[in-house]
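*Asks:* For reference, the sequence and a predicted model appear below.
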Amino acid sequence: MRLRLPALRGDAPRLAALALALAGLPGVVAAESAALTGSVLVLHRAESAGLLRAAEAAGLLRLTEEAPPVEGPSLSPAVFWPAVGAAAVALLALHQLLQRQVLPPAFSLATQALVLARAAWAAQHGEAAPLAEDAPDLPG
């Protein structure tokens, strides 16, 4: 389990002392501190809740309300699917290049990947998606 302690960010001596003390608790296999992030990684065999209660009882930390989970940025389907398409088509283009089938398959696939990536970018930034007619004319 990772204990995030923003108040101790950058305080290597206190974090190291906490990791050492946590490592001495029953059920803890190891504990490592990271001053850069202000966290302690605890490898344990005991139940997490019981381990946290034991650490609190030992005066090592004070439990507060559980913080809500942090959610990463979410992509709407209008952004996600063109981005997935761009990645898939780019991989196909790379496959064609590795097969030494450079023109026209790899070039056409790479151009289509760029069009899909532009559509994903436009959707993410609230712009109108480019139309197929807006794509540059390709030789051949």
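*Replies:* On my side now, so go ahead. Numbers count the residues shown, from 1 in each chain.

*Asks:* Only C-alpha atoms from now on, for both contacts and neighbour counts.
*Replies:* Will do.

*Asks:* so where's the protein uncertain?
*Replies:* Scanning the chain for pLDDT under 70 picks out 65-75, 101-107, 128-140.

*Asks:* how does it divide into domains?
*Replies:* 2-57, 77-134 (automatic domain parsing).

*Asks:* Pipe those into JSON lines and attach distance to residue 64 and mean neighbour count per row.
*Replies:* What follows is those, written out as JSON lines (distance: least, CA to CA, whole Å; neighbours: other CA atoms under 10 Å):
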{"stretch": "domain 2-57", "distance to residue 64": "10", "mean neighbour count": "16"}
{"stretch": "domain 77-134", "distance to residue 64": "37", "mean neighbour count": "17"}
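
*Asks:* To residue 63, which of the ones you listed lies closest?
*Replies:* domain 2-57 (6.8 Å; CA to CA).

*Asks:* by contact count, what packs against the longest helix seen in the chain?
*Replies:* What stands out as the longest helix in the chain, according to DSSP state H, is helix 77-98. When contacts are defined as 3 or more CA pairs under 8 Å, 6 or more residues apart in numbering; DSSP states H and E, helix 77-98 packs onto helix 107-124.

*Asks:* what's the helix it packs on packed up against?
*Replies:* helix 77-98.

*Asks:* Off-centre distance for the helix it packs on?
*Replies:* How far helix 77-98 lies from its chain's middle: 20 Å, per CA atoms, centre = their mean, to the nearest Å.
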